[in-house]
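Enquirer: Could you work out the structure for the sequence below:
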Amino acid sequence: MARAPNLKITSDDVNALVYSYLEDAGFQHTSYALRHEARLDSSPNLNVRIPRGELIKLLHKALLYSEAEAHFRRDGANSNDQCTAPFSILKTHHCSQGGPPSLPSPPEVARNRPELFPPPRPGSPAISSSGEKRKASAKAEARADKRAKTAEASEEIVALRHAPDLSDTRDITAIDWDRTGARIATGSYDGIIRVWTAEGTHLFNLSFHQGAVFAAKWSPCASWLLSASLDGTIVIWNMLTLKPDKIEQLLRVHNGDQHPIKTFLGHEDEVNIMRLSQDRTSLASSSDDRTVRVWDLAAWQAAGVDGLVRAPKGQPDPYQKCVLRGHVREVCSLGWCPNENARQHLLVTTAFDNTSRIWDTRDGSCVRELLTHRDKVYTHSFSSRGRYLATGSADGRVLVYDMASGAVLFEWDCQQGGVFELEWQKTGDQLGVCLENRGVAILDMKRLGLGDYVEPPLPGPKTKVV
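Expert: Residues are numbered from 1 along each chain as shown. Model (predicted):
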């Protein structure tokens, strides 16, 4: 007698899957309510890492099974190949080959629930008029032309394969070129830093962290590599020794015995990102309050005021230079235009509202709003001299803009998943792309006519880490 399959699905499993979907989709209020009403804080499933899109993947598999079940006939034949009627997870299926309708699906759900059904992307409604059809045809031809150009450019892509086990779905979370452009470092959820050549050859692994690595940055002289992890440690690696995994200095953060020399007050929610301008005179910070604030470090240092003295209650910090408002969702990344450029006062932000913005921090004005992406814009990177700006999005595309005009000069579509991180090589010739599908692509921007070459510096003397 055949053994019955040991299948088990609990309501707690379903709640965890739905919660993960809501978090990935950006429905924060709904996910917050579900987390507390379902008591997920006391559930062991809260600490289980659920891959992105897992709920949709399981629903798709269930739909395939339901389709096979609906077309199976008692004589053992299958009418699936001949059926041309659409199959929906919400509606009863009526096979075009005849026969009784499939088992009734769950009742139809009202489609006016914005927290469950995100608005359609631009261009998604059905085309009705002949004029709209002609426009759609022209757009389709334009997209086909772009795909052809992208196919030609794809020959210049090098993939960095992190895991031989294809079932390993842990994300790659950090990427950084060294100053010479010869090496690239990547960090992953598995706690390992991997170092590669610019041609994609794996050199070695750096293993110490016991948690996910969220930051990996080279020093300006390319002699040191800094990594920060969820385990609460920061490691400085000596990249000049014969043993590349030598730890030069280990720092443990949040030990409770440090006091700030200055506290800047103004944000009304969690602060997520900070970026220091290259001339060290300004500090930009972004928060879940959907604003970016710029702080005048030069004025504060010149005043010599005790950093622990705070502004009177209800008044802005005296060293708050400007507040940048305009994004309607949380800011994902921000960065200063490189110093080699007369536009070094410009600041770029990307956000969950599918837009990127370029700001003039001298007066807080928005110089340009970039509306080309169709989904959350996760990341950006400037070319070495600031002539070009690259942005990466959940829509799977990398777009390269001309900073002078704001025009899109190049588009690359990874075809699967989103783009989590971008890093332009310091010499300006190549662009590293960190992908959701567990890959890293390297685009040869010079061969695409978008190189922004800067002569790499000569190796400097070995400096001691203090």
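Enquirer: For Leu276, give its distance to Cys414.
Expert: Leu276 is 31 Å from Cys414, where distance means CB to CB, to the nearest Å. The C-beta positions use only the backbone N, C-alpha and C, and glycine is treated the same way.
Enquirer: oh, I was asking about Asp171
Expert: 14 Å.
Enquirer: again with Thr233
Expert: For Thr233, the distance to Cys414 - CB to CB - is 32 Å.
Enquirer: swap in Met274?
Expert: Taking CB to CB as the measure, Met274 falls 29 Å from Cys414.
Enquirer: which one of these two has more residues nearby?
Expert: Cys414 (21 against 12; other CB atoms under 10 Å).
Enquirer: contacting residues around the closest residue to the more buried one other than its chain neighbours?
Expert: Nearest non-adjacent residue to Cys414, counting by CB to CB, 6 or more residues apart in numbering: Gly396, 4.8 Å away. By CB atoms under 8 Å, 6 or more residues apart in numbering, the contact list for Gly396 reads Asp413, Cys414, Gln415, Gln416, Gly417, Gly418, Val419.
Enquirer: Among those residues, name the ones in strands.
Expert: Asp413, Val419 (DSSP state E).
Enquirer: which residues of this structure score low on pLDDT?
Expert: 1-6, 71-82, 97-157, 162-170, 242-246, 248-261, 304-314, 339-341, 455-466 (pLDDT under 70).
Enquirer: hmm, 50 instead?
Expert: Within the chain, the set of residues satisfying pLDDT under 50 comprises 1, 74-75, 103-144, 146-155, 255-257, 307-308, 459-466.
Enquirer: Next up, the contacts around the most centrally placed residue in it.
Expert: The residue lying closest to the centre of the chain (CA atoms, centre = their mean) is Phe420, at 2.8 Å. Phe420 makes contact with Asp171, Ile172, Thr173, Tyr378, Thr379, Gly392, Cys434, Leu435, Glu436 under the criterion CB under 8 Å, 6+ apart.
Enquirer: how about a cut-off of 6 Å?
Expert: Residues in contact with Phe420 (CB atoms under 6 Å, 6 or more residues apart in numbering) are Tyr378, Cys434.
Enquirer: Can we start the residue count at 401 from this point?
Expert: New numbering, starting at 401: the last item is Phe820.
Enquirer: and the residue nearest to Ser765 when sequence neighbours are not counted, what does it touch?
Expert: Counting by CB to CB, 6+ apart, Trp759 is the residue found nearest to Ser765 once chain neighbours are left out, at 7.0 Å. Counting by CB under 6 Å, 6+ apart, Trp759 makes contact with Leu724, Leu747, Cys766.
Enquirer: of all the residues you listed, which comes closest to Ser623?
Expert: Leu747 (29.3 Å; CB to CB).
Enquirer: pretty sure that closest one is in a strand, no?
Expert: Yes - Leu747: assigned to a strand according to DSSP: H, G, I helix; E, B strand; the rest coil.
Enquirer: circling back to that earlier point, list the beta-bridge partners for the residue nearest to Ser765.
Expert: Leu747, Cys766 (DSSP bridges).
Enquirer: can you check Leu606 too?
Expert: Where Leu606 sits in a bridge, its partners, by DSSP bridges, are Ile593.
Enquirer: what does Ile584 give?
Expert: Ile584 forms beta bridges with Trp577, Trp596, as assigned by DSSP bridges.
Enquirer: That one reaches Asp578, doesn't it?
Expert: No - with contact defined as CB atoms under 6 Å, Ile584 does not count as touching Asp578 (7.4 Å).
Enquirer: List only buried entries from the contacts of Trp759.
Expert: Leu724, Leu747 (16 or more other CB atoms under 10 Å).
Enquirer: gap between Ala804 and Gly632?
Expert: For Ala804, the distance to Gly632 (CB to CB) stands at 43 Å.
Enquirer: who has more neighbours, the two?
Expert: Between Ala804 and Gly632, Gly632 has the larger neighbour count (other CB under 10 Å), namely 14 against 10.
Enquirer: Near Leu676, how many other residues are there?
Expert: With other CB under 10 Å as criterion, Leu676 counts 13.
Enquirer: Same check on Leu789?
Expert: Neighbours of Leu789 using other CB under 10 Å come to 26.
Enquirer: What of the one 3 residues further on?
Expert: The number of residues packed near Gly792 is 29, by other CB under 10 Å.
Enquirer: can you tell me the helix or strand for it?
Expert: Using DSSP states H and E, Gly792 sits within strand 788-793.
Enquirer: Just checking: what are the partner strands of the helix or strand just after that strand?
Expert: Later in the chain than strand 788-793, the nearest helix or strand by DSSP H and E is strand 797-802. Using DSSP bridges, the strands paired with strand 797-802 are strand 788-793 (antiparallel), strand 808-813 (antiparallel).
Enquirer: can you list contacts of the last one?
Expert: Outside of strand 808-813, the residues that reach it under the criterion CB under 6 Å, 6+ apart are Lys546, Thr550, Thr772, Gly796, Arg797, Val798, Leu799, Val800, Tyr801, Asp802, Leu850.
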